[in-house]
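S.K.: next one to model:
(chains A, B, C and D)
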Number of protein chains: 2
Amino acid sequence: MPNDYSDDRLRLVARLYYLDGLGQSEVAKFAKVSQAKVSRLLALAKERGIVRITVADYDPRRRELEDQLRTRLGLATAIVIKSSEGLEGSDLRRTVGHFGAAAVDALIEPRDTVALAGGRTIHELVHHLPATRTKSLTVVQAMGTVDSSVNAFDAQEVGRVMAQRLGGSFLSLNTPAFIPEKRTRDALLELEQVRRVRETLARARVALVGLGTLANSVFVERGTLDPSMLRELERAGTVGEICGRFIDARGEECATAWRDRVMSIPIEQLRKIPHVIGVVSGSDRSAAILAAIRGRIIKALVIDELGAGALLAAPPPAEPVRPKTRKPSP
Amino acid sequence: MPNDYSDDRLRLVARLYYLDGLGQSEVAKFAKVSQAKVSRLLALAKERGIVRITVADYDPRRRELEDQLRTRLGLATAIVIKSSEGLEGSDLRRTVGHFGAAAVDALIEPRDTVALAGGRTIHELVHHLPATRTKSLTVVQAMGTVDSSVNAFDAQEVGRVMAQRLGGSFLSLNTPAFIPEKRTRDALLELEQVRRVRETLARARVALVGLGTLANSVFVERGTLDPSMLRELERAGTVGEICGRFIDARGEECATAWRDRVMSIPIEQLRKIPHVIGVVSGSDRSAAILAAIRGRIIKALVIDELGAGALLAAPPPAEPVRPKTRKPSP
DNA sequence: AAACATGCCGAATGATTATTCAGATGACCG
DNA sequence: CGGTCATCTGAATAATCATTCGGCATGTTT
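M.R.: Numbering: from 1, shown residues only, chains lettered A, B, ... in the order given. You can find the predicted model right below:
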């Protein structure tokens, strides 16, 4: 009887290993095989359900904080992810991504059209979506590519992954995010390829966006935003950034030259998408988040618990004052 | 919050490790601790029952063979342990010991007096008894010590372990197993210490004994049995050995000088113990086993499946012929 | 029947996990 | 206040486990 993968044998091996606490080399002597094979038999035993490991439910979310965020800030949905003390930076993003993914997945319906921005937290989250491939989505890139050195955080790459994991197609916006000449940008907007993307964006039911501040914006980091432009944005009262659009405390896009040179979904269009989900990690973005909520840009928020705490500690949001809406940039 | 052993934290760690399939180093980043601590937290999570591992039952016994042994050989109890193909020697003993232990444990009642011999398979079995320490047994050594080099297989050592594991006291027979002069042996038998042991043996309800052949007996192996004695035993028709007593095919003790020089429980006394359990591994002892059954010495048998097969293949046991009983040696 | 797949095996090896160790921290005295 | 435990920690390391790899056996194609 050379290769014997009978359940009985798997049970023997699994029992000796898991129940009796022997090492694999010990078990190997009982089963008269090599340690390597014991390792393989154990793997098979798990697959076949002969070994079953259950873990008491861990709820990764802080429901009380979610309730507070919803009621006090008027969000439709809030997902607050627990974070271990002292977590920050990429570890924190990983936590938010890992546990936020399931919640975001639940918000996306089969056949949805999903507008998607880039960013490190979004990237993390998307990579933790379940690879079910069953939703038949249309994922559409909501913002051009930041620079030419290909980058795993770009909307381009992230969108590809999302479509691949949840199932569906990805519509990419093959243009830079920033175009120095308005004229050039407007020309691009007329391209058939680009139009298709914009039309699809207009039909999106869900959007997944990051929230940044002026200081930590990817455009500053990459040097796309020169100092004079930066100063101009500061003067215009910028408190945050969404999809390459800079907004002031009321949640209105700042009227600077920048807004005519960026290639991304217009703020006005985001407002019309019913489920715009902001994905944030860290505690230094409260102003941007509050502004985006005031401006009725984002309707849902995924955030770590410290970030949520900071948000709740921030001045309670007065009903947004919206004197006049500037004509939206494209 | 320095040392946090909350269930919630354990659940986090356990989930990431067991359910999400991350490595401990990965998990460590989430929990903001070292990999070493993750390992400890996981161990704790198992202890607390936050992680539960279940394995489909493995039945280590061959019930059909047990039934056959019982009905065809007239045993009260037969325990046949499955053995992986090709197992032999110490690995086989380990298997029989490991899985036989639970069955033997079930045969021993609280407060029993248990007579115990030595031997490698018995040793293995005893070391796998559960360390419950709750039976309040009297374990009594059924045979002297084979030689002076202390040896883990001696009844002395094995008895100590058994009493320690199941709970109870151990009564040791502090004499050699073989004494060249009958006179000396008889003197020893009169010692108060030795009498106590013999009296206790007479009250035993259970005995655990190995079965040997003349060839593989420890006495031959250790050179205790010189060639002339060996020939004498052969002439007397020895087919097996129990507790240092040599028996012929009918299960009667061979009437040689040996029987007056050995320090161990007499065959006649074994006959009177209601539960004498033979523990055997290997396929080369069928004759000894059959003789011990015919002689109504052993009433139960623990054996591996190949050994059981060999036993069943051996000539069917005619009803034992017992012309006259020789006067039992002490 | 040769040539080529395919699958399984265990030795060696690479990767991961458990344990040891030395230092840090803090509770509890004297 | 020091001392004295006791406990806890992560770095280093030892132990264990999973995977790679080449060899062998069997089955299939040519």
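S.K.: for whichever strand or helix holds residue A:41, list every residue counted as buried.
M.R.: Under the criterion of DSSP states H and E, residue A:41 resides in helix A:35-47. Neighbour-count burial for helix A:35-47, counted by 16 or more other C-beta atoms under 10 Å in any protein chain shown, picks out A:37-38, A:41-42, A:44-45. For glycine as for every other residue, the C-beta is placed from the backbone atoms N, C-alpha and C.
S.K.: distance of residue A:233 from chain B?
M.R.: From residue A:233 across to chain B, the span is 35 Å (C-beta to the nearest C-beta, to the nearest Å).
S.K.: thought that residue was touching residue A:247?
M.R.: No: applying C-beta atoms under 8 Å, one finds residue A:233 not in contact with residue A:247, separated by 10.2 Å.
S.K.: and for these two, which residues touch both?
M.R.: Here residue A:233 and residue A:247 have residue A:254 as joint contacts, going by C-beta atoms under 8 Å, 6 or more residues apart in numbering or on different chains.
S.K.: next helix or strand past whichever helix or strand residue A:240 is part of?
M.R.: Element membership of residue A:240, judged by DSSP H and E, is strand A:238-242. Downstream of strand A:238-242, the next assigned helix or strand under DSSP H and E is strand A:245-248.
S.K.: which helices and strands sit right next to that next one?
M.R.: Judged by 3 or more C-beta pairs under 8 Å, 6 or more residues apart in numbering or on different chains; DSSP states H and E, strand A:245-248 is in contact with strand A:238-242, helix A:286-294.
S.K.: now the first one: average pLDDT?
M.R.: On average, the pLDDT along strand A:238-242 is 90.
S.K.: do stretch A:21-32 as well
M.R.: pLDDT averaged over stretch A:21-32 gives 86.
S.K.: kindly report the same for stretch A:167-186.
M.R.: Mean predicted confidence for stretch A:167-186 is 86.
S.K.: endpoints of it, how far apart?
M.R.: 33 Å (C-alpha to C-alpha, to the nearest Å).
S.K.: so what does residue A:277 have for phi and psi?
M.R.: The phi and psi values for residue A:277, taken as degrees, to the nearest 10, are phi -110, psi 120.
S.K.: how near is it to residue A:289?
M.R.: Distance, residue A:277 to residue A:289, by C-beta to C-beta, to the nearest Å: 12 Å.
S.K.: buried residues, the longest helix anywhere in chain A. List them.
M.R.: Across chain A, the longest stretch assigned as helix under DSSP state H is helix A:89-107. By neighbour count on 16+ other C-beta under 10 Å, the buried set for helix A:89-107 is A:91-101, A:103-105, A:107.
S.K.: show me what that helix is packed up against.
M.R.: Using 3+ C-beta pairs under 8 Å, 6+ apart: helix A:89-107 touches strand A:77-81, helix A:120-127, strand A:275-280, strand A:300-304, helix B:24-31.
S.K.: pick out the shakiest of those, pLDDT-wise.
M.R.: Ranked by mean pLDDT, these end with helix B:24-31 at the bottom, a mean of 86.
S.K.: and that helix, what does it pack onto?
M.R.: Counting contacts by 3+ C-beta pairs under 8 Å, 6+ apart, helix B:24-31 is packed against helix A:89-107, helix B:7-14, helix B:35-47.
S.K.: what's the nearest residue to the closest residue to DNA strand C within the stretch 201-330 of chain A if we skip its chain neighbours?
M.R.: Across the stretch 201-330 of chain A, the shortest distance to DNA strand C (C-beta to the nearest atom of the strand) belongs to residue A:306, at 22.2 Å. Closest residue in space to residue A:306, ignoring its immediate chain neighbours: residue A:283 at 4.9 Å, by C-beta to C-beta, 6 or more residues apart in numbering or on different chains.
S.K.: what's the answer for residue A:161, then?
M.R.: Nearest-residue entry for residue A:161: residue A:126, 5.4 Å, with adjacent residues in sequence omitted and distances by C-beta to C-beta, 6+ apart.
S.K.: the one you found against residue A:155, yeah?
M.R.: No: counting by C-beta under 8 Å, residue A:126 does not reach residue A:155; the two are 10.1 Å apart.
S.K.: who has more neighbours, these two?
M.R.: The residue with more neighbours, out of residue A:126 and residue A:155, is residue A:155; 32 against 27, by other C-beta atoms under 10 Å in any protein chain shown.
S.K.: show the pLDDT at the nearest residue to that one once chain neighbours are set aside.
M.R.: The shortest distance from residue A:155 to any non-neighbouring residue, by C-beta to C-beta, 6+ apart, is to residue A:118 (3.8 Å). Residue A:118 carries a pLDDT value of 82.
S.K.: what's the answer for residue A:2, then?
M.R.: 46.
S.K.: and the residue of the stretch 101-250 of chain A found nearest DNA strand D, how many neighbours?
M.R.: For the stretch 101-250 of chain A and DNA strand D, the shortest gap (C-beta to the nearest atom of the strand) falls at residue A:131, measuring 17.8 Å. Here the count is done by other C-beta under 10 Å, and residue A:131 has 11 residues near it.
S.K.: kindly report the same for residue A:253.
M.R.: Counted with other C-beta under 10 Å, residues neighbouring residue A:253 total 24.
S.K.: sorry, back to before: ok but the residue of the stretch 201-330 of chain A closest to DNA strand C is inside a strand, no?
M.R.: No: looking at residue A:306 with DSSP: H, G, I helix; E, B strand; the rest coil, it is helix, so not inside a strand.
S.K.: apart from its chain neighbours, what residue comes closest to residue A:24?
M.R.: Using C-beta to C-beta, 6+ apart, the closest residue to residue A:24 is residue A:38 (4.4 Å).
S.K.: mind listing what the one you found touches?
M.R.: Residue A:38 neighbours (C-beta under 8 Å, 6+ apart): A:13, A:17, A:24-25, A:27-28, A:31.
S.K.: by mean pLDDT, which helix or strand of chain A comes out lowest?
M.R.: helix A:218-221 (a mean of 70; mean pLDDT, DSSP states H and E).
S.K.: give the next helix or strand downstream of it.
M.R.: Using DSSP H and E, the helix or strand that follows helix A:218-221 in sequence is helix A:227-235.
S.K.: what residues does that following helix touch?
M.R.: The contact list for helix A:227-235 (C-beta under 8 Å, 6+ apart) reads A:214, A:220, A:225, A:246, A:254, A:256-258.
S.K.: one more time with 6 Å, if that's ok
M.R.: With contact meaning C-beta atoms under 6 Å, 6 or more residues apart in numbering or on different chains, helix A:227-235 is reached by A:214, A:246, A:254, A:256.
S.K.: over to stretch A:204-224?
M.R.: Residues outside stretch A:204-224 that contact it (C-beta under 6 Å, 6+ apart) are A:108, A:112-117, A:119, A:121-122, A:146-147, A:178, A:225, A:233, A:238, A:240-243, A:273-280, A:285, A:288-289, A:292.
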